[in-house]
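Visitor: I would like the atomic coordinates for the input below:
(chains A and B)
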Amino acid sequence: GAGVSQTPSNKVTEKGKYVELRCDPISGHTALYWYRQSLGQGPEFLIYFQGTGAADDSGLPNDRFFAVRPEGSVSTLKIQRTERGDSAVYLCASSLSPLPKAKNIQYFGAGTRLSVL
Amino acid sequence: AQSVSQHNHHVILSEAASLELGCNYSYGGTVNLFWYVQYPGQHLQLLLKYFSGDPLVKGIKGFEAEFIKSKFSFNLRKPSVQWSDTAEYFCAVSPNSGGYQKVTFGTGTKLQVIP
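Guide: The predicted structure follows:
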């Protein structure tokens, strides 16, 4: 597609449930990033993939959060035992390559708004 | 680790007024700097970027930003705003070092332009 696609656009779930959020990056982009944006805040880094591997997962808040990118394209962010504090907009971005810098422009999707009741 | 401060949380201007949004970063080394914009109902998009060279950077839609190293600042400016500039603006920074550079965003400034 022309841009980064995220599905669903909205997800409402109950506390304790499991959710999966999907990101389809721009075709040919090898780098993929997940961010979380809480109300009144800027995007907060969660995890970075280069190809199929998670090169930096230092932003994942705890072990309830996990992400995969098995074929180096589509990525899924998985949240187990959701809590009300997980409610936020989850953003995905992709870039052509982390290097050189001129190619490290991140293009963002519209996000998934997660509401945990 | 790097951090970014945007001191103006909400700015209201009349059309044709000049704009300056503040951005200060904290990091001990050299940095890449970005301004992203999010128009109502749309996704984040890049407005302009600084990697190296001329510290005065021109972006889309008449925006510019100046990197002042001594002040750790990267303020966004526009001489004359339009109603269509109403949006939220995010400053971001990443370390300018070899390999992958993690991007850190500020908390954003909501700009409201009154016709």
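Visitor: Quick check on the closest residue to B:Gln82 other than its chain neighbours: phi, psi?
Guide: Residue nearest to B:Gln82 in three dimensions, not counting chain neighbours: B:Glu15, with 6.0 Å by CB to CB, 6 or more residues apart in numbering or on different chains. Heads up, the C-betas are built off the backbone N, CA and C, glycines and all. Here is the backbone geometry of B:Glu15 (degrees, to the nearest 10): phi -50, psi 140.
Visitor: need the contact list for B:Glu15.
Guide: With contact taken as CB atoms under 8 Å, 6 or more residues apart in numbering or on different chains, B:Glu15 is in contact with B:Ser80, B:Val81, B:Gln82, B:Trp83, B:Val113, B:Ile114, B:Pro115.
Visitor: any idea which of these is closest to chain A?
Guide: Checking the contacts of B:Glu15 against chain A by CB to the nearest CB gives B:Val113 as the nearest, at 20.5 Å.
Visitor: helices or strands next to the worst-scoring helix or strand of chain A on mean pLDDT in the packing?
Guide: Least confident helix or strand, chain A: strand A:53-56 with a mean of 88, by mean pLDDT, DSSP states H and E. Taking 3 or more CB pairs under 8 Å, 6 or more residues apart in numbering or on different chains; DSSP states H and E as the contact definition, the neighbouring helices and strands of strand A:53-56 are strand A:44-50.
Visitor: quick one on the thing from earlier: what does the helix or strand following the least confident helix or strand of chain A contact?
Guide: Using DSSP states H and E, the next helix or strand after strand A:53-56 towards the C-terminus is strand A:65-68. The contact list for strand A:65-68, computed with CB under 8 Å, 6+ apart, reads A:34, A:46-47, A:49, A:54, A:57, A:60, A:75-80.
Visitor: Now for those: which two are most distant?
Guide: Based on CB to CB, the longest span within these runs between A:Phe49 and A:Gln80 and measures 19.5 Å.
Visitor: Name the residue in the two with the higher neighbour count.
Guide: For A:Phe49 against A:Gln80, the residue with the higher neighbour count under other CB atoms under 10 Å in any protein chain shown is A:Phe49, and the figures read 23 against 13.
Visitor: and the more buried one, what are its bridge partners?
Guide: Taking DSSP bridges as the rule, A:Phe49 bridges to A:Leu32, A:Ala54.
Visitor: List the contacts of the closest residue to chain A within chain B.
Guide: Sorted by distance to chain A under CB to the nearest CB, the residues of chain B start with B:Phe105, at 3.4 Å. When contacts are counted by CB under 8 Å, 6+ apart, B:Phe105 is found next to A:Tyr35, A:Gly42, A:Pro43, A:Glu44, B:Val4, B:Tyr36, B:Phe90, B:Cys91, B:Ala92.
Visitor: per-residue confidence at it?
Guide: pLDDT recorded at B:Phe105 is 95.
Visitor: Centre-most residue in chain B?
Guide: Chain B has B:Trp35 as the residue nearest its centroid, 3.3 Å off, counting by CA atoms, centre = their mean.
Visitor: Could you list the residues in contact with the helix or strand that contains that one?
Guide: Applying DSSP H and E as the criterion places B:Trp35 in strand B:31-38. In this structure, residues lying in contact with strand B:31-38 by CB under 8 Å, 6+ apart are A:101, A:104, A:108, B:2, B:23, B:25, B:44-51, B:59, B:63, B:65, B:67, B:74, B:76, B:87-96, B:101, B:103, B:105, B:108.
Visitor: so what's the residue nearest the centre of chain A up against?
Guide: By CA atoms, centre = their mean, chain A has its centre lying nearest to A:Trp34, at 2.9 Å. Residues counted as contacts of A:Trp34 (CB under 8 Å, 6+ apart) are A:Cys23, A:Phe45, A:Leu46, A:Ile47, A:Tyr48, A:Ala67, A:Ser75, A:Leu77, A:Tyr90, A:Leu91, A:Cys92.
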